[in-house]
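In: Curious how this folds, go ahead:
(5 chains)
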Amino acid sequence: MALTARVKEILSWYPSDNPGVKTNLARLMNTGRLAGTGKLVILPVDQGFEHGPDRSFGPNPPSFDPDYHYQLAVEAGCNAYAAPLGFLEATAGKFAGEIPLILKLNNSDVLEELEPRSALTSTVKDAVRLGCSAVGYTIYPGSKERNLAFQDLRDLIREAKEYGLPTVLWAYPRGAGLPKASEQAVDVIAYAAQISAQMGAHVIKVKPPTNVVHTKEAKAVYEKAGTKIDTLADRVRIAVRGAFNGHRIVIFSGGEAKDTPSVLEDVKQIAAGGGFGSIMGRNAFQRPKDEAVKLLHSVMDTFTAK
Amino acid sequence: MALTARVKEILSWYPSDNPGVKTNLARLMNTGRLAGTGKLVILPVDQGFEHGPDRSFGPNPPSFDPDYHYQLAVEAGCNAYAAPLGFLEATAGKFAGEIPLILKLNNSDVLEELEPRSALTSTVKDAVRLGCSAVGYTIYPGSKERNLAFQDLRDLIREAKEYGLPTVLWAYPRGAGLPKASEQAVDVIAYAAQISAQMGAHVIKVKPPTNVVHTKEAKAVYEKAGTKIDTLADRVRIAVRGAFNGHRIVIFSGGEAKDTPSVLEDVKQIAAGGGFGSIMGRNAFQRPKDEAVKLLHSVMDTFTAK
Amino acid sequence: MALTARVKEILSWYPSDNPGVKTNLARLMNTGRLAGTGKLVILPVDQGFEHGPDRSFGPNPPSFDPDYHYQLAVEAGCNAYAAPLGFLEATAGKFAGEIPLILKLNNSDVLEELEPRSALTSTVKDAVRLGCSAVGYTIYPGSKERNLAFQDLRDLIREAKEYGLPTVLWAYPRGAGLPKASEQAVDVIAYAAQISAQMGAHVIKVKPPTNVVHTKEAKAVYEKAGTKIDTLADRVRIAVRGAFNGHRIVIFSGGEAKDTPSVLEDVKQIAAGGGFGSIMGRNAFQRPKDEAVKLLHSVMDTFTAK
Amino acid sequence: MALTARVKEILSWYPSDNPGVKTNLARLMNTGRLAGTGKLVILPVDQGFEHGPDRSFGPNPPSFDPDYHYQLAVEAGCNAYAAPLGFLEATAGKFAGEIPLILKLNNSDVLEELEPRSALTSTVKDAVRLGCSAVGYTIYPGSKERNLAFQDLRDLIREAKEYGLPTVLWAYPRGAGLPKASEQAVDVIAYAAQISAQMGAHVIKVKPPTNVVHTKEAKAVYEKAGTKIDTLADRVRIAVRGAFNGHRIVIFSGGEAKDTPSVLEDVKQIAAGGGFGSIMGRNAFQRPKDEAVKLLHSVMDTFTAK
Amino acid sequence: MALTARVKEILSWYPSDNPGVKTNLARLMNTGRLAGTGKLVILPVDQGFEHGPDRSFGPNPPSFDPDYHYQLAVEAGCNAYAAPLGFLEATAGKFAGEIPLILKLNNSDVLEELEPRSALTSTVKDAVRLGCSAVGYTIYPGSKERNLAFQDLRDLIREAKEYGLPTVLWAYPRGAGLPKASEQAVDVIAYAAQISAQMGAHVIKVKPPTNVVHTKEAKAVYEKAGTKIDTLADRVRIAVRGAFNGHRIVIFSGGEAKDTPSVLEDVKQIAAGGGFGSIMGRNAFQRPKDEAVKLLHSVMDTFTAK
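Out: Here you go, the predicted model:
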């Protein structure tokens, strides 16, 4: 499929990347129901590792099966499917090539809750071997071990580029440096997006920012400039601006499972604020498959509504 | 020996692995009295390192000798024999090829009881040199250093695959994050099985789950779905489901030495719950050899009983 | 452009470096309005990472865009533009070759304030790939982890030399070993300059020294020799002397944004004390672009005023 | 010299080792007055590093000289001489080939008494370069950092094997996990011998066990089986049994310098209990050389007495 | 210049070293006014890094310049000049070959006073690139991190040998394990010399020992043997004996700057006790150059006085 003008424009923001990386970025944007729009809806399923299987898959038992998620992502017309090594090992060799895959390179579990730092659970070479189109990684800005995680990320981004793979970065401010209420503060989310972009991430995933402002310096700047933070759309705009004035792909998560109207209202605001898409896990796979497909279609439609 | 339909089915769950890994998985399933059934009974003897020699081998003095265990595994018709480096060095060059070997790559002793983490005591290349069919590794989900162990595991699984060796993972939830009573909680065991599968383990060894439920989230899911946890068979079913809906080989340990009827009752429940087999150490080698062979045969028969 | 006598003299202070390193040092000195003078004014923009985007770029919203800074450095006739990986990735491939680039190899954020140590955020090979003329690195003499940072620096300087890249070192005394008031003490700044030079840095960036003297030994030496520390020019002289008696390029930062007369007064003193130039971030990019260009030109003129 | 039946038998216990390792094990057993008997008396001189030179060599000043020890080992007809790098550097190139050498790869000093862990002070490649026949290493089972030391040992044993060098392991239970009185407890010594053998050591050196029993589990096993621990010979038998039922070479140290009858009484018990030999440092080199040679001959005679 | 008998004798103490190492050891001994005597006077200038520039060079301002020290060493007829990377970078390419250089591979500053451990500040390959004749390294026996430093040293000595470079070891007992008064205790200095020799150092630099005896074991040995520790010459004899009975080159530092008669009295005692030379920094470069040359000549004369 030929690139649309919008996809070409987005790719132009990555002028220093090699053709391999651009090719895979284009693959992510040229797949599924949103192909060519420059918008993305991605299905991520790492909750089995991150929260445990019963809590994650128990509400919809067919989802215990790795095949289920791969097929849901394909059937719903997502841009990509992201998961840890095991889920991709179980499916990549079977459904090879039906949808771009993102291998999550690190993961964290909740059996012991330390200052947050994910374990490295797979490698860039695994992503290559499994035919993935990108690698994924999680950082916790504000945590004590963030610097070590940044250094690992530095090396992984470099290695991934050597194989033509872009990096999708999950940026979750959290840890000793931040009170709970500041984890989604609008200035903190914008800061996390900036750090992600400066580290060289190609796609940045953050949580929807709240109207909390964590630092007095940001507060003063907002006040002086009359920057609005009232609606989610306002705040999404600040987060996207934080990622090189919107010249990096920033997508937003949905968080805990909730009802359909709430999900769609959030998405509408994200779209209005200039967000590039959504990454939706529990709200998708914890519903029966036909409902999930319907919801994901509605989300996609929201991003392309005029 | 040609592959049975069941062995072929099990191998189909590993579609992304190379032929070398599948060949060795097939070797494990095509050996001994259970060959071709898709069930496994493995003799593991790492207690000399883990608990000390007198306590482990003193009850049956011939078992101080490394030859004893290799021969017991062969005579009982086990699928494989698993041990640390020293025991395999002492026997592999002498009885070369009589049974598939699993080299335990890490081990822990009890002379100093830290937050649990095993020492790396041998390498994948040792396994290759000694003609092994798989490597073994132990993780302690819930412990403080689990992330470092996961990272080591990531590297070892990758290296083992390069040599065509599958990985057998001992998953023992334990450590600062878990009260003693939760170490075998059914949701925790299922979580450990999930982590193991997501890390890329081919065979997962867990302890039989108890009827404790550690997390309130899992409890709520069980209640809502009417998931039963009353019998060991019920709980084995949950553990097996946690490992990709039963699409990974999950086997169960027996724990401390006990009388034959208790052992067999446990095994019956494990078989009824869909467990893929047993790994039985002390209950085997602390009995006189003829009794041990008899017990292991009974265990095998239980797994194939209609 | 042929080398001036002054540039040749400065290059003669680096007799053990290879021609590649000298070539890039010459590039830094042969660029922009100060070309050939042996003086340097560099635009550094790492505040998005170090302080966050809203606080840094909010006062002048066009500066959220990476293109803005590259273009500001070019338009103002700076010797070089220094930034972290992301900003250079976003511009190097687009404006290739318009100004020498310095890739900042490490960075620190303020979301969690530990004993200071920067994360390694990019590599020497990134600098090579992006066509940079030098690498940048930050050390915190006086901090607990300084030795590990020195060791990383040792390796990076060596690697950079292999690619013909000189190293620009940001030396900020800070951390457990130093009271706040001593961070810019004149003897401490001179000590930081000495450490930087002994580590093999080619260009050393320090803060303007205050009239605090941190150690009694330095105080005694100053008193005995009648060394003056009253004016900033006096103290700059001590700092420059600390870097091999002025035989290393030492440049000074401006610190927080302030009004134009204050900035220029500082620069006048720096020039009078023998400083080799200024590195000016917030005072440049937080002003509207035309004002920033004007200010930078005034700074440059100050360094070449007779 | 052709191998005796006993040496051949001992070599048969190492069926997985390559001919290079077996050749060097044979060299250790085919040297000196005990050649061919399968018994070994080794001179180890690491006390200069471990305890300091004055305390170690002051009682017999000629022993300050590295030549002294090499020559003592040769003159006494020992099987091998073991020392740290410096002592072997000073002698190996001068007396090349007069006796098999064992290079101690790690050492600990007493100027700072931390939780015990030895520093790595030389390498396997040094042993190769110096013409050694084996490498030596010390572990402290029961100490907090034992796992890191085990991991280093794993790598060193592998590397040594690649050069055909066997490993002699000094196993000293000690550290936070063990009360002082348990450091030579019979069950603990047997456990240390087991760990050593499981790690892949070819020759294991332990201290003579006392009649303390550290763990209740071992006590129960001894009582049930009627295992005697009254005499040193009884306890040596338990230690040797702990090393693969006597199928690893286990030798015993003498400890602090004492009078000749006490030394010989100990050796008699060690021989009676099935010990494979003695490693005797201070009791040898702190005596005048002629007395030392005489004592060592008596020790050797004790091991071959009928 | 042909080797003298004494230089040949000293080289014979290093029988296991390769010709490259011996050649460079010979270069150190065949240079300057003491050429051929087997005695050495070395100029070390690392105080800029270790104590700061103002305190070190302020008393004699020309010494801020790197050229000054190189030239002082040449003019005084020293055997070698030792300095950190920066000072050698600034001079080696300019005065190539006028005197043997020793590159200090690690350094420590006093801005933060942790338990002592030096940072690695340059590499063996830097020494090779700069045409050095040896590498230098500092250890702190008695400090908490000594073992890590020993391990680094192990690797550096090996690497240096591969390039034919001997190692000069600065051994300063210091840290948590030692009270201040014991840092130069005679038994501690002898112990430090022993550790240095056992690690494989070729030239060992210690401080002049005091008449403190730190350990009761050494005290008992001295008393029993009637070992005298009254004069500095007595104590130097013990230190030299501790380094393989005088078969390693042991040189002594002068410590803080003091008046000429005191310096020369110390040197006389060092020479009388069998010391191989002096390493003299502050007492040399903090004097005007002509006085420094005169002092160094007097020191050299003392070592060769009959």
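
In: ok, and the closest non-adjacent residue to A:Gly97?
Out: Excluding the flanking residues, the one nearest A:Gly97 by Cβ to Cβ, 6 or more residues apart in numbering or on different chains is A:Gly131, at 6.8 Å. C-beta: built from backbone N, CA, C; applies to glycine.

In: thinking that neighbour is in contact with A:Lys94, fair?
Out: No. With contact defined as Cβ atoms under 8 Å, A:Gly131 does not count as touching A:Lys94 (11.7 Å).

In: how about the helices in the stretch 201-306 of chain A?
Out: Along the stretch 201-306 of chain A, the segments classed as helices by DSSP state H, counting those that start in this stretch run A:216-225, A:232-242, A:260-272, A:282-285, A:289-304.

In: Please render these as JSON lines that adds mean neighbour count and mean pLDDT to the earlier fields.
Out: Listed next are these as JSON lines, based on neighbours: other Cβ atoms under 10 Å in any protein chain shown; pLDDT from 0 to 100:
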{"stretch": "helix A:216-225", "mean neighbour count": "16", "mean pLDDT": "96"}
{"stretch": "helix A:232-242", "mean neighbour count": "24", "mean pLDDT": "97"}
{"stretch": "helix A:260-272", "mean neighbour count": "18", "mean pLDDT": "94"}
{"stretch": "helix A:282-285", "mean neighbour count": "25", "mean pLDDT": "95"}
{"stretch": "helix A:289-304", "mean neighbour count": "18", "mean pLDDT": "97"}
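
In: Quick one: those as a markdown table, columns for distance to E:Asn106 too.
Out: Supplementary listing: the helices of the stretch 201-306 of chain A in a markdown table, determined by distance: least, Cβ to Cβ, whole Å:
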| stretch | distance to E:Asn106 |
| --- | --- |
| helix A:216-225 | 40 |
| helix A:232-242 | 42 |
| helix A:260-272 | 53 |
| helix A:282-285 | 53 |
| helix A:289-304 | 57 |
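
In: So for A:Gly200, which of these sits nearest?
Out: For A:Gly200, the closest of the helices of the stretch 201-306 of chain A is helix A:232-242, at 15.6 Å, according to Cβ to Cβ.

In: if we can go back for a sec, generate CSV for the helices of the stretch 201-306 of chain A, with distance to chain D as supplementary columns.
Out: Below are the helices of the stretch 201-306 of chain A laid out as CSV (distance: least, Cβ to the nearest Cβ, whole Å):
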stretch, distance to chain D
helix A:216-225, 44
helix A:232-242, 42
helix A:260-272, 48
helix A:282-285, 38
helix A:289-304, 46
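
In: ok, the residue in the stretch 101-250 of chain A that chain C sits nearest to to A:Ser143 distance?
Out: The minimum distance from the stretch 101-250 of chain A to chain C, using Cβ to the nearest Cβ, falls at A:Gly177 (2.8 Å). Going from A:Gly177 to A:Ser143 by Cβ to Cβ, to the nearest Å gives 7 Å.

In: Which neighbours do those two have in common?
Out: Counting by Cβ atoms under 8 Å, 6 or more residues apart in numbering or on different chains, the contacts common to A:Gly177 and A:Ser143 are C:Glu112.

In: Can you tell me the centre-most residue of chain A?
Out: Centrality entry for chain A: nearest residue to the mean C-alpha point is A:Lys205, 3.5 Å, by Cα atoms, centre = their mean.

In: Which residues does that one form beta bridges with?
Out: Under DSSP bridges, the beta-bridge partners of A:Lys205 are A:Trp170, A:Ile251.

In: Next: the one 5 residues further on.
Out: In this structure, A:Thr210 bridges to A:Ala185 when assessed by DSSP bridges.

In: residue contacts, it?
Out: For A:Thr210, the contact set (Cβ under 8 Å, 6+ apart) comprises A:Gln184, A:Ala185, A:Val186, A:Arg235.

In: Report the buried members of the residues you listed.
Out: Buried members of these, scored by 16 or more other Cβ atoms under 10 Å in any protein chain shown, are A:Gln184, A:Ala185, A:Val186, A:Arg235.

In: Distance check, the third one against A:Arg241.
Out: I take that to be A:Val186. From A:Val186 to A:Arg241 the distance is 11 Å (Cβ to Cβ).

In: got it, and A:Val74?
Out: Between A:Val74 and A:Arg241 the computed distance is 34 Å (Cβ to Cβ).

In: Burial check on the residue nearest to A:Thr121 when sequence neighbours are not counted, number of neighbours?
Out: Once flanking residues are discounted, A:Thr121 sits nearest to A:Asn107: 4.8 Å by Cβ to Cβ, 6+ apart. Neighbours of A:Asn107 under the rule other Cβ atoms under 10 Å in any protein chain shown: 24.

In: do the same with A:Ser196
Out: Counted with other Cβ under 10 Å, residues neighbouring A:Ser196 total 29.

In: Can you classify it as helix, strand or coil?
Out: Recorded secondary structure, A:Ser196: helix (DSSP: H, G, I helix; E, B strand; the rest coil).

In: Give me the pLDDT for A:Phe97.
Out: Just to correct that, residue A:97 is Gly rather than Phe. At A:Gly97, the model reports a pLDDT of 89.

In: do you know how far it is from chain D?
Out: 41 Å (Cβ to the nearest Cβ, to the nearest Å).

In: Check what contacts stretch A:281-290 and list those residues.
Out: Stretch A:281-290 is contacted by residues A:43-47, A:56-57, A:59-60, A:62-63, A:68-69, A:72, A:75-76, A:253-254, A:256-258, A:263, A:292, A:295-296 when judged by Cβ under 8 Å, 6+ apart.

In: Quick check: which of these are also close to chain B?
Out: For chain B, the contacts drawn from these by Cβ under 8 Å from any Cβ of the partner chain are A:Pro59.

In: so of the contacts of stretch A:281-290, which ones are in strands?
Out: Cross-referencing these against strands under DSSP state E gives A:Leu43, A:Pro44, A:Ser253.

In: between the residues you listed, which is nearest chain B?
Out: The closest of the ones in strands among the contacts of stretch A:281-290, once distances to chain B are taken by Cβ to the nearest Cβ, is A:Pro44, at 13.4 Å.

In: who's in contact with the closest one?
Out: Neighbouring residues of A:Pro44 by Cβ under 8 Å, 6+ apart: A:Tyr81, A:Ala82, A:Ala83, A:Ile102, A:Lys104, A:Gly136, A:Ile279, A:Met280, A:Gly281.

In: quick revisit: what's the separation between the nearest residue to the residue of the stretch 101-250 of chain A closest to chain C once chain neighbours are set aside and C:Ala218?
Out: Computed as Cβ to Cβ, 6+ apart, the closest residue to A:Gly177 that is not its neighbour in sequence is C:Glu112, at 2.8 Å. Distance, C:Glu112 to C:Ala218, by Cβ to Cβ: 34 Å.

In: A:Val45 too?
Out: Distance, A:Val45 to C:Ala218, by Cβ to Cβ: 61 Å.

In: And the residue nearest to A:Thr121, how far from A:Trp170?
Out: Distance, A:Asn107 to A:Trp170, using Cβ to Cβ: 10 Å.

In: got any residues that touch both of the two?
Out: Common neighbours of A:Asn107 and A:Trp170 (criterion: Cβ under 8 Å, 6+ apart): A:Thr138.

In: For D:Leu148, which of the helices of the stretch 201-306 of chain A is the nearest?
Out: Here helix A:282-285 is closest among the helices of the stretch 201-306 of chain A (Cβ to Cβ), at 40.3 Å.

In: ok, now which ones touch the residue lying farthest from the centre of chain A?
Out: Largest separation from the mean C-alpha position in chain A: A:Lys224, at 31.8 Å (Cα atoms, centre = their mean). Applying Cβ under 8 Å, 6+ apart to A:Lys224 gives the contacts C:Gly58, C:Pro59.

In: again, but for the one 5 residues further on
Out: When contacts are counted by Cβ under 8 Å, 6+ apart, A:Ile229 is found next to A:Val186, A:Asn211, A:Val213, A:Tyr222, A:Arg235, A:Ile238.
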